[in-house]
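S.K.: Okay, here's the prediction I keep looking at, along with the sequence it came from:
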Protein chains: 2
Amino acid sequence: MSVTTDRLRDLIHTTQGELPPLTAELVRDLEVPDRMAIAEVAALTGVSAHTLRYYERIGLVDVPRDAAGRRVYDRDAVGRVVFITRLRDSDMPIAAIARYVELVKQGPETEPERLALLEAHREDILHRLRDLQGALAVVDYKITTYGGACGT
Amino acid sequence: MSVTTDRLRDLIHTTQGELPPLTAELVRDLEVPDRMAIAEVAALTGVSAHTLRYYERIGLVDVPRDAAGRRVYDRDAVGRVVFITRLRDSDMPIAAIARYVELVKQGPETEPERLALLEAHREDILHRLRDLQGALAVVDYKITTYGGACGT
DNA sequence: GTAGGACTTCGAGTGCACTCGAAGGCAAGC
DNA sequence: GCTTGCCTTCGAGTGCACTCGAAGTCCTAC
């Protein structure tokens, strides 16, 4: 793993990008090697090789091959993996991601439905954030009142 | 379902309690019926009767019974269910909750370990919040740039 | 030329958290 | 007294997202 990809892995996992809050785009714009083996992608993204193959098998990413049939991830494929990872991290079901990818394959006339999918997922994320903040408040309260009366 | 329990269900599901950011405690302090049937608890908490039985079966809550063997949830039991729900909502694994409950049963000398468990979970929640905010940024970006070039 | 290691496909296995269904008990209302 | 409906236990089934293992291929280094 080069210094470059190390730095990139950090960038990819940084949530607070300054101006473009991106990741998939980052991968395409910055100098990631354009021909990566599956193990390198796994190291870069934190997704296991097994899971990367699984994602391809179910149609979430298309990955080019070399003459011997080995996967060669280009920047595009890596970008897609990173994007999928973001969606999974925020609990978008595989089925919804698959639907989204299918729409992209079908062409530009599916953009409204894609947008609707993303907006629905956005609502899910906001809901999830509220839940988590509520839970955090409860846990914080429990922590700060420890030594107090409770037995729950 | 009475007006009281309707109001309470709202309170329970409100994330932004003003001063005490509580829920389990709320249940104990406010006037929830002290003898609730499983279906009532299900309606109040949003947890299915099946799941409530499951929680009891695996030792997460103890629930008193009436003469005929039917579950009668007192305020305490309801409070525990609500607390468990908060932990589950924030993805604490059942096993960790079970461990916590076991510690509570063992008595006050286990408080340090309980506290450690909660603090670890607190870190998990914070981590999760960061992930979600990152994902939100990515999704928002995708949404606002739709109609743009991207095909990912 | 051969050992090592990273890769391939395929199908099957795992873990978690429910979720369901069957078979039966019991109290209330008609 | 019988239906209705909510309750009980128990074990089995489900769905999701991986995760693994076996058997084989291919390039590199010695």
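M.R.: Noted; the coordinates are in hand.
S.K.: Just the buried positions in the helix or strand hosting A:E111, please.
M.R.: A:E111 belongs to helix A:111-144 when assigned by DSSP states H and E. Going by neighbour count (16 or more other C-beta atoms under 10 Å in any protein chain shown), the buried part of helix A:111-144 is A:114, A:117-118, A:121-122, A:124-125, A:128-129, A:131-139, A:141-142. All C-beta atoms are positioned from the backbone trio N, CA, C, and that covers glycine.
S.K.: Would stretch A:63-75 count as contacting chain B?
M.R.: No - for stretch A:63-75, no contact with chain B is found by C-beta under 8 Å from any C-beta of the partner chain; the gap never falls below 11.2 Å.
S.K.: Check the offset of that stretch from the chain's centre.
M.R.: How far stretch A:63-75 lies from its chain's middle: 21 Å, per C-alpha atoms, centre = their mean, to the nearest Å.
S.K.: Likewise for stretch A:90-109?
M.R.: Averaging C-alpha positions (C-alpha atoms, centre = their mean) puts stretch A:90-109 13 Å from its chain's average.
S.K.: what about stretch A:38-51 and DNA strand D, touching?
M.R.: Yes - using C-beta under 7 Å from any atom of the strand, a contact is recorded between stretch A:38-51 and DNA strand D, made by A:48, A:50-51.
S.K.: and which of the residues you listed is nearest to A:T85?
M.R.: Nearest to A:T85 among these, counting by C-beta to C-beta, is A:T51 at 9.7 Å.
S.K.: In terms of pLDDT, where does that closest one sit?
M.R.: Note for A:T51: predicted pLDDT of 98.
S.K.: quick one: the one helix or strand it maps to near DNA strand C?
M.R.: Taking DSSP H and E as the definition, one finds A:T51 inside helix A:49-57. Yes - residues of helix A:49-57 contacting DNA strand C under C-beta under 7 Å from any atom of the strand: A:49, A:53.
S.K.: chain center to that helix: distance?
M.R.: Offset of helix A:49-57 from its chain centre (C-alpha atoms, centre = their mean): 14 Å.
S.K.: Just the buried residues of the following helix or strand past that helix, please?
M.R.: Sequence order places helix A:75-89 as the next helix or strand after helix A:49-57, per DSSP H and E. The neighbour-count check on helix A:75-89 (16+ other C-beta under 10 Å) flags A:75-88 as buried.
S.K.: Stretch A:89-97 too?
M.R.: By 16+ other C-beta under 10 Å, the buried positions in stretch A:89-97 come out as A:90-92, A:96-97.
S.K.: Filter those to keep only those in contact with DNA strand C.
M.R.: Within these, nothing lies near DNA strand C by C-beta under 7 Å from any atom of the strand.
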